[in-house]
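*Asks:* below are the sequence and a predicted model; questions follow.
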Amino acid sequence: MESTPLATCVLKCSRNAIHASFFIFLQAYPNPLQNNPAYAIVKQNFVHPEDVVAEEIVIQRNSPRGVHFRRAGPREKVYFRTEDVRACIVTCGGLCPGINTVIREIVCGLNYMYGVDDILGIAGGYRGFYSKNTMPLTPKVVNDIHKRGGTFLRTSRGGHDTKKIVDSIQDRGINQVYIIGGDGTQKGAAAIYREVAKRGLRVVVAGIPKTIDNDIAVIDKSFGFDTAVEEAQRAINAAHVEVESVENGIGIVKLMGRYCGFIAMHATLASRDVDCCLIPESPFYLEGQGGLFEFIEQRLKENGHMVIVVAEGAGQDLVAESMRAIDAKDASGNRLLLDVGPWLSQKIKDHFLVNPKMAVNLKYIDPTYMIRAIPSNASDNIYCTLLAHSAVHGAMAGFTGFTVGPVNSRHAYIPINRVTETQNTVKLTDRMWARLLASTTQPSFLRYDEVMKEKVDKETVQMLDNMTNSSVQLP
Ligand SMILES: Nc1ncnc2c1ncn2[C@@H]1O[C@H](COP(=O)(O)OP(=O)(O)O)[C@@H](O)[C@H]1O
Ligand SMILES: O=P(O)(O)OC[C@H]1O[C@](O)(COP(=O)(O)O)[C@@H](O)[C@@H]1O
Ligand SMILES: [Mg+2]
């Protein structure tokens, strides 16, 4: 490859915005897409270099302009010549519907849009870089994989050894690395990006965010999330059918959500058969006024049955109080949770055992892996295609150290560190949680002073943001 120098490109957008920054290699060659008949009809074939996507779109006249990201999409000039590209794809962490679609569309996107035919699959997650042989990926090989759940390349937790991974990248002559994974994976990608830069390698590192929990910061939503919420409906429906057919039926459905309750919250809102949703962000209590037992009793008296959705990370402190808690971690360092589902079921059974007038009939459903081990639905498939293509356009253009994703519905290149510095959680003071409380009429389990504290914290963050940002120039 021609030795084009690496330039540090800080995203400068006019009118004093806060700037996101990452590296870009100097673009030198015409984009092959300009001769692609499929794209010939597109009105604006290439993204304007100054196009940016605003992180905040609801603003007021005098509020700061805020953070902007580069808009994703094909550039007029690219950094790589087709014949020089050697790309690789790796998938890490837990499963999620749609991973195979992303793999397929990176391979097909690179091949159909840019003519690239040297693409390697890294098997079994990060450790595959240094412990496994690579597999050649062609459009033919990946043609049908989007119809299957899981990851065609396989995955793993742990095993991130930055030095060994970058040695392997260097030894194999790879110059585009596509990394599909969640928050842990993106931290790993950031480490690879830094090591690549330290060694002065002309290698692009592109992250594609994957998480069933929807806990990746900045982006609107993670792929596969809608599919998982849809699948969760089947478990909730089953619980509802079971409990409405018996006297004092209580259905409990445990859903994924290690640190955040997005799946539980959305599945509850979508279903309307759920009477109570418990998530990690909202600590709950069982006994006494305003507690869960009181609510169950009241709901059973009113309706004769009820359904509770509990996110796996909910009530961990409570569970720990009544179990011998062990501080165990998985291979990636994620805390292993205590099983809230059986614990809650037992607690409810025990409580109503001493109340002879209210013998309850409890059905517990744990569809955990079923909601993520399925292929993505139609809209997630399209979303995955866009993510993959945006990553390919960004890599071909020479951007590196970015994660791709939709920000306010427009795909953007986000510096990796922006998506790893925080995790997305359900905000109890946002309207979505209020909608849920209003639809289930469950107790909020929050004391007035706690609500006020969260509100004040949020306002303080906003005020600090305002002090550091510049103002918007409205026409
Ligand atoms: N802080 C970190 N730095 C480097 N690599 C990490 C870090 N956290 C996790 N990883 C690696 O990322 C991969 C996936 O992480 P994991 O937390 O299991 O899943 P996810 O990416 O879905 O959050 C693992 O191979 C793990 O070793
Ligand atoms: O049993 P595994 O494979 O470790 O996965 C379970 C965990 O994975 C998750 O789906 C999240 O995984 P990721 O961080 O990889 O997206 C959690 O909700 C769940 O606790
Ligand atoms: Mg994670």
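*Replies:* Now that the structure is in, tell me what you want to look at. Ligands and ions are numbered 1, 2, ... in the order given.

*Asks:* gap between the two ends of stretch 41-50?
*Replies:* 22 Å (CA to CA, to the nearest Å).

*Asks:* quick one: contacts of it?
*Replies:* If you take CB atoms under 8 Å, 6 or more residues apart in numbering as the criterion, stretch 41-50 is touched by 13, 31, 33-34, 39, 71-76, 393. All C-beta spots, glycine's among them, are computed from the backbone N, C-alpha and C.

*Asks:* redo these as TSV? Include pLDDT, secondary structure and neighbour count.
*Replies:* Converted to TSV, the contacts of stretch 41-50 look like this (pLDDT from 0 to 100; DSSP: H, G, I helix; E, B strand; the rest coil; neighbours: other CB atoms under 10 Å):
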residue	pLDDT	secondary structure	neighbour count
Cys13	37	coil	18
Asn31	95	coil	21
Leu33	94	helix	20
Gln34	91	helix	12
Tyr39	84	coil	15
Arg71	97	strand	18
Ala72	97	coil	27
Gly73	96	coil	21
Pro74	96	coil	24
Arg75	95	coil	21
Glu76	93	coil	15
His393	97	helix	26
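
*Asks:* Ser345: which of these is nearest?
*Replies:* Distance to Ser345, by CB to CB, is smallest for Ala72 among these, at 45.4 Å.

*Asks:* show me what contacts that closest one?
*Replies:* 47, 390, 393-394, 404, 410-413.

*Asks:* how far away is the closest residue to Ile374 other than its chain neighbours from Glu294?
*Replies:* Distances taken as CB to CB, 6 or more residues apart in numbering place Gly149 nearest to Ile374, at 4.6 Å, with adjacent residues excluded. According to CB to CB, to the nearest Å, Gly149 stands 41 Å off from Glu294.

*Asks:* the more surrounded of the two?
*Replies:* Of the pair Gly149 and Glu294, Gly149 is the one with more neighbours under other CB atoms under 10 Å, namely 19 against 14.

*Asks:* the more buried one and Gly98, how far apart?
*Replies:* 9 Å.

*Asks:* between the two, which contacts overlap?
*Replies:* Shared contacts of Gly149 and Gly98, defined by CB under 8 Å, 6+ apart, comprise Pro375.

*Asks:* list the buried residues of stretch 263-274.
*Replies:* Using 16 or more other CB atoms under 10 Å as the test for burial, stretch 263-274 gives 263-269, 271, 273-274.

*Asks:* how about the residues of the protein by ligand 2?
*Replies:* 93-94, 182, 211-213, 256-258, 312, 330 (CB under 6 Å from any ligand atom).

*Asks:* got a quick PyMOL command for the buried subset of those?
*Replies:* In PyMOL syntax, the buried subset of these is picked out as below (16+ other CB under 10 Å):
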select buried, resi 93+94+182+211+212+213+256+257+258+312
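
*Asks:* mind listing what Lys329 touches?
*Replies:* If you count contacts by CB under 8 Å, 6+ apart, then Lys329 has 335-336 around it.

*Asks:* beta partners of it?
*Replies:* For Lys329, the beta-bridge partners are Arg335 (DSSP bridges).

*Asks:* repeat for Tyr178
*Replies:* In beta-bridge terms (that is, DSSP bridges), Tyr178 pairs with Ile89, Ala206.

*Asks:* OK, contacts around it?
*Replies:* 87-90, 106, 206, 208, 391, 395.

*Asks:* surely Ser332 meets Gly181?
*Replies:* No - contact status for Ser332 versus Gly181: not in contact, 9.9 Å apart, counting by CB atoms under 8 Å.

*Asks:* can you name the residues that contact Ala314?
*Replies:* So Ala314 contacts 257, 261, 264, 278-280, 282, 284, 340 (CB under 8 Å, 6+ apart).
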